[in-house]
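Chemist: Turn this into a model:
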Amino acid sequence: MTKSYNQLSSEIKSKLELLGIDIEVKYIIENQSSLTSPSEQLANLLKKPSISTASLRAPEGYHLPNIMSSLEGGILDKFGGHPCAAGFSTRTAALPLVKQGFLDYLSHGDQGVLDMSSFQSQIPSNLITKITAAMRASLDKNVIYIDYDKLNLELLAEVFRLEPFGIDFPFPYFLFELPSRRVASRKVLGSESKHIKIGMDNGINLTFFNLELELVKKINAGNSDLIILAKLSQNTWNNSTKLELIGEAICVG
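Modeler: Here you go, the predicted structure:
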């Protein structure tokens, strides 16, 4: 939220000058927890609430958006995300209520939140039998199943909102099915033909590196649907940003 500088009282304008703020400043932005100390002082002067933002991760079996939807009284300003990776913003003063709301919800196992079922329960049943043992080993709590049609730059922006990532908070992988009819092109790369780039009909490129030669041949044949485990990335060129995928594992259906 912004407030016109001309709407401020003379007392606040004087305090702004004492803080070293240029008298020509036009708008004052309400406080965000990540902003600098002068901004926090401005928020106090303008009697605007301090806002805290949070990113969340949960083990498999939890559903964070459902938990946040259950919190009463509109204590969350906004929230969103996926079952195991989400985020929210709220007034800093409401954080104790948010914490208690999470604890209250998670204490009731009958609501299914504490049902620590395997990750496979989140995968459509028709895909489970197609997944190889090698791919099953990669399906941990850092994997999110998603529909092919939801792969876009907006999804990548949502993921970046959960930063910073690190050893204890890794960048997520996405699992999806790629029907053969949605593949626009295939190109084998590398002197040993161990890499392959798949162009999808949504304009997104998917690249796999260092695959077995037989697997590359099966993919390039184009006769089967594919199950993909990949990480999102972006490529910016000439002020244009495109979503790209780096493959981690693949099953040829």
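
Chemist: Now do the strands in the stretch 101-250 of the chain.
Modeler: 143-145, 173-178, 183-189, 195-200, 205-208, 226-237, 240-252 (DSSP state E, counting those that start in this stretch).

Chemist: tell me the centre residue of this structure?
Modeler: Centroid-nearest residue in the chain, with CA atoms, centre = their mean: Val159, separated by 2.2 Å.

Chemist: is it true that that one touches Lys231?
Modeler: No - Val159 lies out of contact with Lys231 (CB atoms under 8 Å); the separation is 9.7 Å. C-beta: built from backbone N, CA, C; applies to glycine.

Chemist: Which residues are in contact with each of the two?
Modeler: Overlap between the contact sets of Val159 and Lys231, as judged by CB atoms under 8 Å, 6 or more residues apart in numbering, is given by Phe171, Pro172.

Chemist: worst-scoring helix or strand of the protein, pLDDT-wise?
Modeler: Sorting the helices and strands of the chain by mean pLDDT, DSSP states H and E puts strand 27-29 at the bottom, at a mean of 39.

Chemist: Need the strands of the stretch 101-250 of the chain in a markdown table (columns: mean neighbour count, distance to Leu106 and mean pLDDT).
Modeler: Shown next, in a markdown table, are the strands of the stretch 101-250 of the chain (neighbours: other CB atoms under 10 Å; distance: least, CB to CB, whole Å; pLDDT from 0 to 100):
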| stretch | mean neighbour count | distance to Leu106 | mean pLDDT |
| --- | --- | --- | --- |
| strand 143-145 | 19 | 20 | 85 |
| strand 173-178 | 20 | 25 | 92 |
| strand 183-189 | 14 | 42 | 96 |
| strand 195-200 | 18 | 38 | 97 |
| strand 205-208 | 19 | 37 | 97 |
| strand 226-237 | 16 | 29 | 92 |
| strand 240-252 | 17 | 31 | 93 |
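
Chemist: Pipe the ones you listed into a markdown table and attach distance to Ser50 per row.
Modeler: Shown next, in a markdown table, are those (distance: least, CB to CB, whole Å):
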| stretch | distance to Ser50 |
| --- | --- |
| strand 143-145 | 31 |
| strand 173-178 | 34 |
| strand 183-189 | 49 |
| strand 195-200 | 43 |
| strand 205-208 | 42 |
| strand 226-237 | 32 |
| strand 240-252 | 33 |
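
Chemist: Show me where the stretch 51-200 of the chain dips below the pLDDT cut-off.
Modeler: Where the stretch 51-200 of the chain drops to pLDDT under 70, the residues are 59-61, 107-122, 140-141.

Chemist: now with 90?
Modeler: Within the stretch 51-200 of the chain, the ranges that satisfy pLDDT under 90 run 51-75, 77-87, 90-96, 98-146, 154-173.

Chemist: in stretch 213-221, what's buried?
Modeler: By neighbour count on 16 or more other CB atoms under 10 Å, the buried set for stretch 213-221 is Val216, Lys218, Ile219.

Chemist: tell me the contacts of Ala94?
Modeler: Ile75.

Chemist: Check the secondary structure at it for me.
Modeler: What DSSP: H, G, I helix; E, B strand; the rest coil gives for Ala94 is helix.

Chemist: Return the distance of it relative to Gly101.
Modeler: Separation of Ala94 from Gly101 (CB to CB, to the nearest Å): 10 Å.

Chemist: Need the overlap of contacts for the two.
Modeler: Common contacts of Ala94 and Gly101, defined by CB under 8 Å, 6+ apart, comprise Ile75.

Chemist: domain ranges for this protein?
Modeler: Listed by automatic domain parsing, the domain ranges of the chain are 2-45, 54-111, 119-252.

Chemist: what about the helices in the stretch 1-150 of the chain?
Modeler: Along the stretch 1-150 of the chain, the segments classed as helices by DSSP state H, counting those that start in this stretch run 10-18, 37-45, 64-70, 95-106, 125-128, 133-136.

Chemist: Could you give the average pLDDT over the first one?
Modeler: The predicted model assigns helix 10-18 a mean pLDDT of 58.

Chemist: In CSV, could you pull the C-alpha coordinates for stretch 73-84?
Modeler: Written as CSV, here are the backbone C-alpha positions of stretch 73-84 (Å, rounded to 0.1, in the frame of the first residue of the first chain):
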residue,chain,number,x,y,z
GLY,A,73,-10.4,-14.9,11.1
GLY,A,74,-8.6,-14.0,7.9
ILE,A,75,-5.3,-13.9,9.7
LEU,A,76,-3.4,-14.6,6.5
ASP,A,77,-3.3,-11.7,4.0
LYS,A,78,-2.5,-14.1,1.2
PHE,A,79,-1.2,-17.6,0.7
GLY,A,80,-0.7,-20.3,-1.9
GLY,A,81,1.5,-23.1,-3.2
HIS,A,82,1.6,-26.8,-3.5
PRO,A,83,1.0,-29.6,-0.9
CYS,A,84,4.6,-29.8,0.3
